[in-house]
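Asker: Provide a 3D model corresponding to the input given below.
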Amino acid sequence: MGFPGVWMTESGSMIYRVVPKCACSTIGQIMFYTDHGRFFDGDIHDSTNGLHKWSQDESQKAIESAVLGHETPTFTCVRNPYSRILSSFFDKIAGIQRNGRRYRGNLVPQLIQRYGIDVGSPENGFDFDQVASFRRFLLFARDTIRWRRPMDPDIHWSSMSGHIATFIANGGQYNRIFFTEKFNDGMKQVLKNAETPNSIDLKDVPRFNESEGHGPKRAHKVSDYFDDLSRHLVWEIYKDDFQLFRYDFDDPDNKMPIGEVDLDEVHAKLGR
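Answerer: Numbering: from 1, shown residues only. A predicted model of the protein is given here:
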């Protein structure tokens, strides 16, 4: 199976397991900068050189050798599950993508037809009932994850633990898992343990969010989107994410982790 979703600097200074909707654009740009002394011009997901990616055939041998050698600093980043699934909805379902189209072509029309979701449009200022539509999207996300219908789950709302587990199951080992909510602290520790050709000041790094400004802004606080049924669905989908990465299930408005990640526990539970 290899190591899908893994990026590595060309200098071999660090290895990163991408988890979508967890600052992956910013992390990729930082990795690119530490090798080249500049940021990639464009969305780092579109780069085809300057950064090793498992999706690039010519990068696979270098990545596999470094991962299995267990000597290269290896990390990933996680995010509050409530915030992450909301971000997925507003970016991928309600928002317009960089190419000017809806995400995955006919996905949104399918959701409108099958789940009664309304996401508005740029023409009406994205005027729609955000709470009702998000809750219906959550039913769809649960159906894709639990029963793989009406489609396989998308990487943007698949569980973080699922992404992180594939790396462990195939022989990888994490040295650090840090929080999007404490990004600078976590990334600082990663860089501290990596020998990079170029240094970077995290205070000067912009947040690279390609979806910003292409869709509706969230109109309510996080807890307003999650009634009892929604929270039940979130627990069904993301129980491991809450428990392993120490996020507060009881208070959707508390985005901060309530403990530190235990790497031994993560490797033991996700490496089965």
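
Asker: which secondary structure elements does the lowest-mean-pLDDT helix or strand in the chain contact?
Answerer: Using mean pLDDT, DSSP states H and E, helix 107-115 stands out as the lowest-scoring helix or strand of the chain, at a mean of 94. Applying 3 or more C-beta pairs under 8 Å, 6 or more residues apart in numbering; DSSP states H and E, one finds that helix 107-115 contacts helix 130-147. All C-beta atoms are positioned from the backbone trio N, CA, C, and that covers glycine.

Asker: which is the next helix or strand following the helix it packs on?
Answerer: helix 160-169 (DSSP states H and E).

Asker: Report the inter-axis angle for that following helix versus helix 130-147.
Answerer: For helix 160-169 against helix 130-147, the angle by axes from the mean of the first three to the mean of the last three C-alpha atoms, to 10 degrees is 30 degrees.

Asker: quick one: strands adjacent to the helix or strand following helix 160-169?
Answerer: Next helix or strand after helix 160-169 toward the C-terminus (DSSP H and E): strand 176-179. Counting by DSSP bridges, the strands paired with strand 176-179 are strand 74-78 (parallel).

Asker: what sits against the nearest residue to residue 145 once chain neighbours are set aside?
Answerer: Once flanking residues are discounted, residue 145 sits nearest to residue 153: 4.6 Å by C-beta to C-beta, 6 or more residues apart in numbering. By C-beta atoms under 8 Å, 6 or more residues apart in numbering, the contact set of residue 153 is 141, 144-145.

Asker: go on, residue 219?
Answerer: Applying C-beta under 8 Å, 6+ apart, we find residue 219 in contact with residue 130.

Asker: Make sure it is indeed in a strand.
Answerer: No: going by DSSP: H, G, I helix; E, B strand; the rest coil, the assignment for residue 219 is coil, not a strand.

Asker: Distance of it relative to residue 123?
Answerer: 18 Å (C-beta to C-beta, to the nearest Å).

Asker: what's the answer for residue 59, then?
Answerer: Separation of residue 59 from residue 123 (C-beta to C-beta): 42 Å.

Asker: Who has more neighbours out of those two?
Answerer: A direct count of neighbours by other C-beta atoms under 10 Å for residue 59 and residue 123 places residue 59 higher, at 19 against 7.

Asker: Wait, the more buried one touches residue 52, no?
Answerer: Yes: using C-beta atoms under 8 Å, residue 59 is in contact with residue 52, at 3.9 Å.

Asker: Which neighbours do those two have in common?
Answerer: Residues within reach of residue 59 and of residue 52 at once, by C-beta under 8 Å, 6+ apart, are residue 8.

Asker: tell me the SS of residue 195?
Answerer: With three-state DSSP as the basis, residue 195 sits in coil.

Asker: So it versus residue 14, what's the distance?
Answerer: 9 Å.

Asker: Compare the two and say which one has the larger neighbour count.
Answerer: Neighbour tally, residue 195 and residue 14, criterion other C-beta under 10 Å: the higher count belongs to residue 14, 26 against 12.

Asker: Grab the nearest non-local neighbour of the more buried one.
Answerer: Closest residue in space to residue 14, ignoring its immediate chain neighbours: residue 194 at 4.4 Å, by C-beta to C-beta, 6+ apart.

Asker: same check, this time on residue 31
Answerer: Excluding the flanking residues, the one nearest residue 31 by C-beta to C-beta, 6+ apart is residue 9, at 5.1 Å.

Asker: gap between the one you found and residue 51?
Answerer: In terms of C-beta to C-beta, residue 9 sits 7 Å off from residue 51.

Asker: By neighbours, which of the contacts of residue 153 wins?
Answerer: Sorting the contacts of residue 153 by how many neighbours each has (other C-beta under 10 Å) puts residue 141 first, at 23 neighbours.

Asker: I'd say the residue nearest to residue 31 and residue 35 touch.
Answerer: Yes: between residue 9 and residue 35 there is a contact under C-beta under 8 Å: 5.0 Å.

Asker: Can you work out which residues contact both of the two?
Answerer: Common contact partners of residue 9 and residue 35 (C-beta under 8 Å, 6+ apart): 51, 196.

Asker: Between these two, which has more neighbouring residues?
Answerer: Using other C-beta under 10 Å as the criterion, residue 9 and residue 35 rank with residue 9 on top: 24 against 19.
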